[in-house]
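Participant: this one's sequence-less:
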């Protein structure tokens, strides 16, 4: 008789390749040590042992499962003997979520029908039967955050979910891939940006935050400071045409590493350096030689613009926002000290009283 696999058996990926060949050789030489468990007339646990027996011509040995929680049974057996990555265990947890919820509901209903208080369900923390994510994570020894990531991936990118389940990718690979895809989309959007239509004439005040390049590749487990957007080389940045009036104030944002190059940019663009403002952040971030807690903005002028910053400090203390997002306190400083038409070049959002240009501009 040929047995089908129970739906509960399909949460763990089948073993293939050398691992499967090793299992076949072991069964051929030593026989089947652990039985194939059946439930509701189908294989609950032992798919790999079952097909290996058929392949080497050995009669499988079967045993009927008689417990009350087949889901927990099959998970506990496979989780202990399978060498799965945390990402794989999270995908398995997602597969078993509906079964765990159904079993917990059955136990709760049965107990309530007896007129008793519902006991704590096995593997259910804090006695909250509805917290299936935490429950599945506990059984499979993986964090609830990973389970949530797997649920999201299954819904949005089922093809990638299957790759993670098989072990050919993990969550760090997914993050790198999604980051790369986002950057490629932005590159296409940038091609469609037309500066001459976004920038109306010339400006008396220009804030520019170029996407300075960084060395190395992004890694969620290592180099997390690599920008999540297309960057530019110094040679590309220096070719930017600043739409400045004859009397213009320029604010040039620069990372600590690129301050030297920034001074040369001012000369190439025809601006005279006047001062440097340093943004001091509440917490330090990433960095190679030192951990970055500051960012700088060079103040430069062309001609004789009106500037009323005599009472303003070169130190700006403000909390960090998202990657590369500049604080609102900075824009208030610019509006207080500079006068005339204003442009925010490589902006992140629209701003009242300003023209903005950038592929990430949001309302």
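Facilitator: In hand now; what should we look at? Treat the numbers as computed from the prediction; the structure is a model and nothing was measured. Residues are numbered from 1 along each chain as shown.
Participant: Let me know the next secondary structure element after the worst-scoring helix or strand of the chain on mean pLDDT.
Facilitator: Using mean pLDDT, DSSP states H and E, helix 195-198 stands out as the lowest-scoring helix or strand of the chain, at a mean of 54. Following helix 195-198 in sequence order, the next helix or strand is strand 203-208 (DSSP states H and E).
Participant: Check which helix or strand residue 260 maps to.
Facilitator: Using DSSP H and E, residue 260 falls within helix 259-268.
Participant: what helices or strands is the following helix or strand past that helix leaning on?
Facilitator: With elements assigned by DSSP H and E, the helix or strand that comes after helix 259-268 is strand 272-280. Judged by 3 or more CB pairs under 8 Å, 6 or more residues apart in numbering; DSSP states H and E, strand 272-280 is in contact with helix 259-268, strand 294-302, strand 315-317. C-beta here means a position set from N, CA and C on the backbone, and glycine is covered the same way.
Participant: any weak-confidence spans in the stretch 201-350 of the chain?
Facilitator: Scanning the stretch 201-350 of the chain with the threshold set as pLDDT under 70 gives 214-230, 287, 321-324.
Participant: what separates stretch 140-159 from the chain centre, distance-wise?
Facilitator: 12 Å (CA atoms, centre = their mean, to the nearest Å).
Participant: Identify whichever of the helices and strands packed on strand 272-280 lies nearest to residue 19.
Facilitator: strand 294-302 (50.1 Å; CB to CB).
Participant: In the longest strand anywhere in the chain, which residues are buried?
Facilitator: Identified as the longest strand of the chain according to DSSP state E is strand 244-254. Of all the residues in strand 244-254, those buried under the rule 16 or more other CB atoms under 10 Å are 244-245, 248-254.
Participant: Report the two of the residues you listed separated the most.
Facilitator: 245 and 254 (22.8 Å).
Participant: For the longest strand of the chain, what is the distance to the chain centroid?
Facilitator: 36 Å.
Participant: Likewise for stretch 315-322?
Facilitator: 23 Å.
Participant: what does stretch 136-155 give?
Facilitator: Relative to its chain's centre, stretch 136-155 lies at 14 Å (CA atoms, centre = their mean).
Participant: any idea of the mean pLDDT for it?
Facilitator: Stretch 136-155 shows a mean pLDDT of 86.
Participant: What are the buried residues along that stretch?
Facilitator: Buried-residue list, stretch 136-155, by 16+ other CB under 10 Å: 136-140, 142, 144, 146-147, 149-151, 153-154.
Participant: End to end on that stretch, go ahead and measure it.
Facilitator: 18 Å (CA to CA, to the nearest Å).
Participant: hang on, the earlier thing: single out the most deeply packed of the helices and strands packed on strand 272-280.
Facilitator: Each of the helices and strands packed on strand 272-280 was assessed for mean neighbour count using mean count of other CB atoms under 10 Å. The highest is strand 294-302, with a mean of 20.
Participant: quick one, that strand and strand 272-280 angle?
Facilitator: Using axes from the mean of the first three to the mean of the last three CA atoms, to 10 degrees, the direction of strand 294-302 lies 160 degrees away from that of strand 272-280.
Participant: Looking at the helices and strands packed on strand 272-280, which is nearest to residue 166?
Facilitator: For residue 166, the closest of the helices and strands packed on strand 272-280 is strand 294-302, at 42.5 Å, according to CB to CB.
Participant: I'd like to know which elements that closest one is packed against.
Facilitator: Other elements packing on strand 294-302 under the criterion 3+ CB pairs under 8 Å, 6+ apart are strand 244-254, helix 259-268, strand 272-280.
Participant: Could you save those as JSON lines and add columns showing distance to residue 86?
Facilitator: Compiled in JSON lines, those are given as follows (distance: least, CB to CB, whole Å):
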{"stretch": "strand 244-254", "distance to residue 86": "38"}
{"stretch": "helix 259-268", "distance to residue 86": "40"}
{"stretch": "strand 272-280", "distance to residue 86": "37"}
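Participant: is it true that residue 320 touches residue 285?
Facilitator: Yes. Using CB atoms under 8 Å, residue 320 is in contact with residue 285, at 7.3 Å.
Participant: Enumerate every residue touching the closest residue to residue 208 other than its chain neighbours.
Facilitator: Leaving aside its sequence neighbours, residue 208 sits nearest to residue 345 (CB to CB, 6 or more residues apart in numbering; 4.0 Å). Applying CB atoms under 8 Å, 6 or more residues apart in numbering to residue 345 gives the contacts 206-209, 240, 242, 357-358.
Participant: partner residues bridging residue 345?
Facilitator: residue 208, residue 357 (DSSP bridges).
Participant: Return the distance of it relative to residue 62.
Facilitator: Distance from residue 345 to residue 62, counting by CB to CB, to the nearest Å: 72 Å.
Participant: out of the helices and strands packed on strand 272-280, nearest to residue 102?
Facilitator: The closest of the helices and strands packed on strand 272-280 to residue 102 is strand 294-302. By CB to CB, the value is 52.4 Å.
Participant: partners of that closest one in the sheet?
Facilitator: Sheet pairing for strand 294-302, assigned by DSSP bridges, gives strand 244-254 (antiparallel), strand 272-280 (antiparallel).
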